[in-house]
Structure formats: structure tokens, C-alpha cells
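Predicted model and sequence below, questions to follow.
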Amino acid sequence: MNYAVLHRTGERQVAPMLKQIDLRHKERYKWAIARIQGDNVLDCAAGVGYGSKMIVNALPSVIVTSVDRELKAIQYGECYYNSSRIDYQVQDMRKLDFNKKFDTIVSLESLEHVVDPKVVLYSFKKYLVKEGLLIVSLPIVSKSLSKFHLFEVIGMESAKNFFLSCGFFVVETYKQHNRFGLFCLMPDRTSNNRKKDG
């Protein structure tokens, strides 16, 4: 099968072996893996699935639902990063549809690629169990980093305030190479933040 289309922007990590994936991308997943709770995990906007594979390799009891909107990426994952504990699905993170909830949702290098990431965060909140965790990343910038990004924030405090406005408490943060912020979040179930945002 021809996977050349997956390389068209240079933004997506595509390689048949984990050792060929950029170290910075793997570092983000390692940070996330150390904070995953529960056995039912969603890896959202997972690309070709290398991160999903890292999760099941590190956590023997975990089942991962690995979703991406691009069929070719999912097929690549099924080919090169297959596991009996990974369920690959084609889904758009802006229109998620599940009949279950997750203990942890991981979504790295994704929010910056949607015009309105609040819509995505509200959906994540819907599919998290009551005390579930959301682990995400965001570019932390003083000026725009990439022509591929539709959303960026200036500084870690701005990012924290953004997540609070979407109904998530910030549990833990990590700044990677002064460019990316990693955030471990927990949903605030005491208020309806979506209504507050109008």
C-alpha cells in the first residue's frame, strides 16, 4: 500500500519502527505514559499509532483506542504498530462518537491543528470517567511556531487559563525545550463551563 500521502506536509511523524520516530515526540509520550491511570485509554489524533504502541508496550494491562481522522494513518498503524490491545478507528477528534468512557485520554500535538480547540476539549470531557485524566500538549510561543498551527498560546499561564475556561483543572505541567507545554488535566464536574462560554 502506498503511504506517501502521509508525508505530504512533513508535520506528521511517519516511520515503520519506533527507533525512527523523532526523540522529542517520543519524550512527550513517555511523559504521558508515566501519568496514565486506569486500563481504558483513548489516544486521540494518534497519527500512525506509534504512541499507542508505546503505551501498550509500557503498560501491560492497558487497552488503547487509537483514533485518527485519516484512513491511511490508521491503516499504517494497523500494519506497523499492531497489537491485540490497540483498537484502531477512523474518527475526527472534533466529532468523537463512542459508547463508552475512558480512564485517561491522551492527545498530543493535536489541539493546535483545530480552529476551535474548545469544541474538542468539551468532547474529551464528555468521554472521560468522573475522575479521569486528560493529557495534552500545546505549543507555548512568543511568536507563531508553524504555518501548520491554527491555535497557539503565549506562555504557560495563558495555557492554564485556557484549560480552566474549558472546564479542566491543571494537575501537572512540563515545559519541553521551551517550545511545548505538556499538561495533565482533570475535569471540573462542578460547573457547566460550556454554557459559561456562551
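Looks like it came in fine. Residues are numbered from 1 along each chain as shown.

Now do the strands in the protein.
In the chain, the segments counted as strands under DSSP state E are 40-44, 63-68, 86-90, 102-107, 128-139, 168-176, 180-187.

For the protein, which residues score under the pLDDT cut-off?
1-11, 141-154, 178, 191-198 (pLDDT under 70).

Count the residues that sit near the closest residue to residue 83 other than its chain neighbours.
Nearest non-adjacent residue to residue 83, counting by CB to CB, 6 or more residues apart in numbering: residue 56, 5.0 Å away. No exception for glycine: its C-beta is placed from N, CA and C like everyone else's. Residue crowding around residue 56 was assessed by other CB atoms under 10 Å; the count is 21.

Any idea what the one residue sitting closest to the centre of the chain is bridged to?
Geometric centre of the chain, nearest residue: residue 107, 0.6 Å, by CA atoms, centre = their mean. With DSSP bridges as the criterion, residue 107 is bridged to residue 136.

Please name the residues that touch it.
43, 44, 45, 93, 120, 124, 134, 135, 136 (CB atoms under 8 Å, 6 or more residues apart in numbering).

swap in residue 80?
16, 17, 48, 49.

repeat that for 10 Å
Residues counted as contacts of residue 80 (CB atoms under 10 Å, 6 or more residues apart in numbering) are 3, 14, 15, 16, 17, 18, 48, 49, 50, 53.

now the helices for the protein?
Secondary structure of the chain (DSSP state H): helices located at 23-33, 50-58, 71-80, 117-126, 156-165, 193-196.

Could you list the residues in contact with the first one?
Contacts of helix 23-33 with the rest of the structure, by CB under 10 Å, 6+ apart, involve 13, 18-19, 21-22, 41, 43, 47, 50-59, 62, 104, 106-109, 133, 135-137, 172, 174, 176-177, 179-180, 182, 184.

change it to 6 Å
With CB atoms under 6 Å, 6 or more residues apart in numbering as the test, helix 23-33 has contacts from 13, 51, 54, 55, 58, 106, 108, 135, 137, 174, 182.

Just the buried positions in that helix, please.
Within helix 23-33, the residues that qualify as buried are 25, 26, 28, 29, 31, 32, 33, counting by 16 or more other CB atoms under 10 Å.

got it, and the fourth one?
Judged by neighbour count using 16+ other CB under 10 Å, the buried positions of helix 117-126 are 117, 118, 120, 121, 123, 124, 125.

Between those residues, which sits nearest residue 99?
Residue 99 lies nearest to residue 123 out of the buried residues of helix 117-126, by CB to CB, at 14.4 Å.

Identify the residue spatially nearest to that closest one, adjacent ones excluded.
Here the residue nearest residue 123, using CB to CB, 6+ apart, is residue 96, at 4.9 Å.

what does residue 54 give?
Closest residue to residue 54 apart from its sequence neighbours, by CB to CB, 6+ apart: residue 29 at 4.9 Å.
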